[in-house]
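Visitor: everything below, folded, please.
(one chain, ligands or ions: 2)
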Amino acid sequence: MEKTLLLLKPDAIVKGVCGQIIDRFEKRGFKIAAIKMVQLTRKQAEIHYYEHTDKPFFHELVDFITSSPLIAMVIAGENAIKASRFMMGSTNPIDAAAGTIRGDFALNIRKNIIHGSDSLISAEREIKNFFTEKELYL
Ligand code: GTP
Ligand code: MG
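Guide: Ligands and ions are numbered 1, 2, ... in the order given. As a prediction, this is how the structure comes out:
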């Protein structure tokens, strides 16, 4: 079964909407394979977002994602990567359709509530940055 890493970013916890978001993935049919609350170190955040190292917003992105705890989870199910990206909506919440997670819960590109892996290769790499094999229940 396909797996993907989701992060309910610090703003999701501050807003108190994690339950509603997790509910959407469970209702859709995905299984939770792993879940934990964690405050990232800068090092872990930089590894997670390494592809954006040279972007002008990188420092701000790392500041935000390490600012307070987040919820990291692995969900499993058919087409988990593509389906969850559709459920999340566009990166910039202003462009995200109503009914998507960002379209319903966010307004700001930095505080855009959720992360989801964007390919099989990144899912595998990102899951390893958060969970050991033993922590995955499939
Ligand atoms: P993630 O699931 O978080 O990786 O989002 P994404 O895959 O939809 O977008 P992308 O990987 O391109 O960007 C990673 C994160 O950087 C986004 O979720 C945004 O929070 C942030 N980001 C992207 N573009 C900008 C920008 O122009 N300005 C700022 N401040 N943040 C940005
Ligand atoms: Mg991304």
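Visitor: report how many residues lie close to residue 71.
Guide: 19 (other CB atoms under 10 Å). No exception for glycine: its C-beta is placed from N, CA and C like everyone else's.
Visitor: ligand 1 contacts on this protein?
Guide: When proximity is defined as CB under 6 Å from any ligand atom, the chain approaches ligand 1 at 52, 57, 60-61, 91, 109-110, 112, 115-116, 118.
Visitor: which one of the residues you listed is nearest residue 15?
Guide: Of all the residues of the chain next to ligand 1, residue 112 has the smallest distance to residue 15: 11.8 Å, by CB to CB.
Visitor: contacting residues for the nearest residue to that closest one once chain neighbours are set aside?
Guide: Distances taken as CB to CB, 6 or more residues apart in numbering place residue 106 nearest to residue 112, at 4.8 Å, with adjacent residues excluded. Taking CB atoms under 8 Å, 6 or more residues apart in numbering, we find residue 106 in contact with 11, 93, 96, 112-113.
Visitor: make CSV from the residues of the chain next to ligand 1 and add secondary structure, neighbour count and pLDDT to it.
Guide: Output for the residues of the chain next to ligand 1, formatted as CSV (DSSP: H, G, I helix; E, B strand; the rest coil; neighbours: other CB atoms under 10 Å; pLDDT from 0 to 100):
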residue, secondary structure, neighbour count, pLDDT
52, helix, 13, 97
57, coil, 13, 97
60, helix, 11, 97
61, helix, 17, 98
91, coil, 13, 98
109, coil, 15, 96
110, coil, 15, 95
112, coil, 24, 98
115, strand, 21, 98
116, strand, 23, 98
118, coil, 15, 98
